[in-house]
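Q: Sharing a model prediction with you, sequence too.
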Amino acid sequence: MLASGAAARAAGGDLRVAARHRPAQPGPEYGVCENLRKLEITGVSCRDVYAKRINPRVKSGRFMRILPDYEHMEYRDVYTCLLHRYRHILGLWQPDIGPYGGLLNVVVDGLFIIGWMYLPPHDPHVDDPMRFKPLFRIHLMERKSATVECMYGHRGPHNGHVQIVKKDEFSTKCNQTDHHRMSGGRQEEFRTWLREEWGRTLEDIFHEHMQELILMKFIYTSQYDNCLTYRRIYLPPSRPDDLIRPGLFKGTYGSHGLEIVMLSFHGKRARGTKITGDPNIPAGQQTVEIDLRHRIQLPDAESLRDFNELSRVVLEVREQVRQEQEQEGGPEDAEGLGQQSPQPCEEPPAEPAQAPGDGGAVAAAEPPAQSGQGQPFVLPVGVSSRNEDYPRTCRMCFYGTGLIAGHGFTSPERTPGVFVLFDEDRFGFIWLELKSFSLYSRVQAAFRNADAPSPQAFEEMLKNIQSLTS
C-alpha cells in the first residue's frame with residue numbers, strides 16, 4: 001500500500017526518485033471527518049484521506065469515492081500513467097469562454113492531479129481571498145490506466161476526458177452532462193449559480209442593467225458544460241527596479257463585478273491585462289496602460305474633491321505626452337488601442353519627467369517618500385466607486401490610459417486616467433471619461449509551474465491571448 005509519507009514525496013516534485021522506492025507502511029490513524037460531503041466538494045489532501053481509508057475499521061463507501069483503494073499499486077505505475085503522462089497540463093491556464101475567460105490552476109495533490117478554477121471574491125469585497133472550486137481530477141483507479149473525472153455540478157465526480165491538443169493547450173470534456181442538471185430545472189441552477197458567483201439573490205440586485213449582465217453571463221457560460229479549451233498563461237517576470245512586484249490582482253469593474261487582471265512591467269510602461277473579462281472589454285485585452293515617465297502630482301485633498309481640477313491636471317499631462325510623441329515621431333499613440341508589440345522586459349524604466357514650468361502637473365523626479373506616510377488621497381465628488389473602503393493615502397500617481405468599449409467590444413478607445421499606487425499590494429485607476437474608480441488588490445495565492453521560461457515567452461503569451469478577442 002502507499003503511505004502518506006511516500007505520497008508526500010511524490011507530490012513534492014522528486015517523482016523519479018519516488019518511482020524507484022517501494023512504499024512504506026501506513027502512518028497513524030488521522031481520525032474520520034464527519035462531514036464527508038463537504039470533504040469531497042471543497043477538496044482535501046489525499047494523503048490524509050488515504051491514511052484514514054486504509055484503517056480496516058473505516059467502511060464508508062463515501063471514502064472510496066474520494067480516494068480509491070491503492071492496494072498493490074506500484075509507484076512506477078503512478079509515475080508513468082499519471083504524473084509523467086499529464087505533466088504538461090500542470091500550471092496556470094485561461095479557458096476559452098468567450099469574453100469571460102477565467103483562471104485555472106492545475107496541481108498535483110498527493111496522488112491526484114486536480115484542476116482548480118480560481119474565482120474573485122464576491123463584489124465589491126476586493127480585499128477578500130480568492131474562491132476556488134474543482135473542475136476535474138485525474139487519478140489511478142487501476143494499474144496502467146488513469147481515470148479522468150468531471151467535478152462540475154453538485155452531484156459528485158463523474159466520467160470526463162482530458163485531451164492534450166498541442167503544446168500549451170488542452171481541452172476537457174464531460175461525458176455525463178446530466179450530472180450538471182438540478183431537479184428544479186434551470187431556475188434552480190440559476191439561483192444556485194447566482195449565490196455562488198455573486199453571494200446574493202436576484203432580488204438583492206436592484207440595478208436592472210446589472211441583472212441583465214448577470215443573466216447573460218449565466219446563459220453564456222453554462223452552455224459549455226465544462227467542455228472547454230485551455231491555453232497556458234504565465235505569471236509576469238519581475239525585476240528589482242519594478243515599481244511594485246508584478247502579478248495577479250482583483251479589480252472592481254462597475255456592474256460587471258470583480259475581475260482578475262495581470263499587472264506587468266515593460267520598461268517605460270506598465271500594463272494591466274484582463275485574465276477574466278466581460279462583454280465590453282473581453283479577457284485578454286489590455287485594460288489599463290501606465291506611463292511611468294509621467295508622474296502626476298495630485299492637488300491637495302481639498303482641491304482634489306473638485307473633479308474639474310483633477311481633469312485639468314490629467315489633460316495637461318496628456319497634452320505633454322502628445323507633444324513628446326510628435327517630437328519623437330514614435331508610432332505609439334497615447335489614445336490608441338495599444339495593439340503594438342510590448343516593449344522587451346529588459347528595458348530599464350525611465351526616470352519620471354521634470355515638472356513643467358506652467359504650474360506643475362507632473363512632479364519632479366525625486367524618489368518617492370519612504371516614510372510610509374504617503375500623500376492624502378480622496379476621490380473627487382462625482383466619481384463613482386464600487387468599494388468605498390479604499391485607502392486614504394497613496395504613494396504616487398502616474399498618467400495612464402484605460403480601454404473602454406461598447407457592448408461586444410465595439411468602438412474600443414483609450415481614454416485618459418490616473419494610476420494611483422497605494423502600497424505594494426493595492427493600486428487604483430481613475431477613469432476620467434467614465435467618472436469611475438477601480439480598486440485593485442493583489443491575489444495572494446501561490447502558484448507553482450507558472451513562471452515563464454523567458455521574457456520573450458511571456459510577451460508572446462500576452463500577444464496570443466489578446467489576439468483571440470481582438
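A: Great, that's in hand.
Q: Straight-line length of stretch 116-127, end to end?
A: Stretch 116-127 has an end-to-end distance of 20 Å (criterion: CA to CA, to the nearest Å).
Q: any idea of the mean pLDDT for it?
A: Mean per-residue pLDDT for stretch 116-127: 95.
Q: next one: stretch 185-196
A: Computed over stretch 185-196, the average pLDDT equals 92.
Q: and it, how far from the chain's centre?
A: Distance of stretch 185-196 from the chain centroid (CA atoms, centre = their mean, to the nearest Å) equals 24 Å.
Q: From the rest of the structure, what touches it?
A: K133, H154, R181, M182, R200, T201, L202, I214, L215, F218, S222 (CB atoms under 8 Å, 6 or more residues apart in numbering). Glycine gets a C-beta too; all of them are placed from N, C-alpha and C.
Q: gap between N464 and P246?
A: From N464 across to P246, the span is 18 Å (CB to CB, to the nearest Å).
Q: And these two? Which one has more around it.
A: P246 (20 against 15; other CB atoms under 10 Å).
Q: Pretty sure that one sits against F265.
A: Yes. If you go by CB atoms under 8 Å, P246 and F265 touch, sitting 5.7 Å apart.
Q: Spit out the residues that contact these two alike.
A: With CB under 8 Å, 6+ apart, P246 and F265 have common neighbours P236, S238.
Q: Scan the protein for its longest helix.
A: helix 307-328 (DSSP state H).
Q: Can you show me the strands along the stretch 201-350 of the chain?
A: For the stretch 201-350 of the chain, the strands defined by DSSP state E, counting those that start in this stretch cover 228-232, 247-252, 258-266, 269-274, 286-296.
Q: Count the neighbours of L304 for me.
A: 19.
Q: Sorry, wrong one. I was asking about Y220.
A: Going by other CB under 10 Å, the residues that sit close to Y220 add up to 14.
Q: Same question for H139.
A: H139 - counted by other CB under 10 Å - has 21 other residues nearby.
Q: cool, and the one 5 residues further on?
A: K144 has 9 neighbours, counted by other CB under 10 Å.
Q: Before we move on, what's the pLDDT of the residue nearest to H139 when sequence neighbours are not counted?
A: Distances taken as CB to CB, 6 or more residues apart in numbering place F112 nearest to H139, at 4.9 Å, with adjacent residues excluded. Looking at F112, its pLDDT reads 89.
Q: does F112 really touch P134, like I thought?
A: No. Counting by CB under 8 Å, F112 stays clear of P134, with 9.5 Å between them.
Q: Relative to L310, how far out is G428?
A: 13 Å.
Q: and those two? which has more neighbours close in?
A: Each of G428 and L310 has its neighbours counted (other CB under 10 Å); G428 has more, 25 against 21.
Q: So what pairs up with the more buried one in the strands?
A: Residues in a beta bridge with G428, per DSSP bridges, are V420, L439.
Q: check contacts around it.
A: Taking CB under 8 Å, 6+ apart, one finds Y390, C394, F419, V420, F422, F437, S438, L439, Y440 in contact with G428.
Q: Make CSV out of these and add pLDDT, distance to I164 and neighbour count.
A: Listed next are the contacts of G428 as CSV, based on pLDDT from 0 to 100; distance: CB to CB, whole Å; neighbours: other CB atoms under 10 Å:
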residue, pLDDT, distance to I164, neighbour count
Y390, 94, 43, 20
C394, 96, 46, 20
F419, 98, 39, 26
V420, 97, 43, 27
F422, 97, 42, 21
F437, 97, 43, 23
S438, 97, 37, 28
L439, 97, 38, 25
Y440, 98, 34, 26
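Q: Go through those and name the one nearest T80.
A: Y440 (43.5 Å; CB to CB).
Q: how much space is there between that closest one and G247?
A: Y440 is 11 Å from G247, by CB to CB.
Q: and what of V378?
A: Distance from V378 to G247, by CB to CB: 27 Å.
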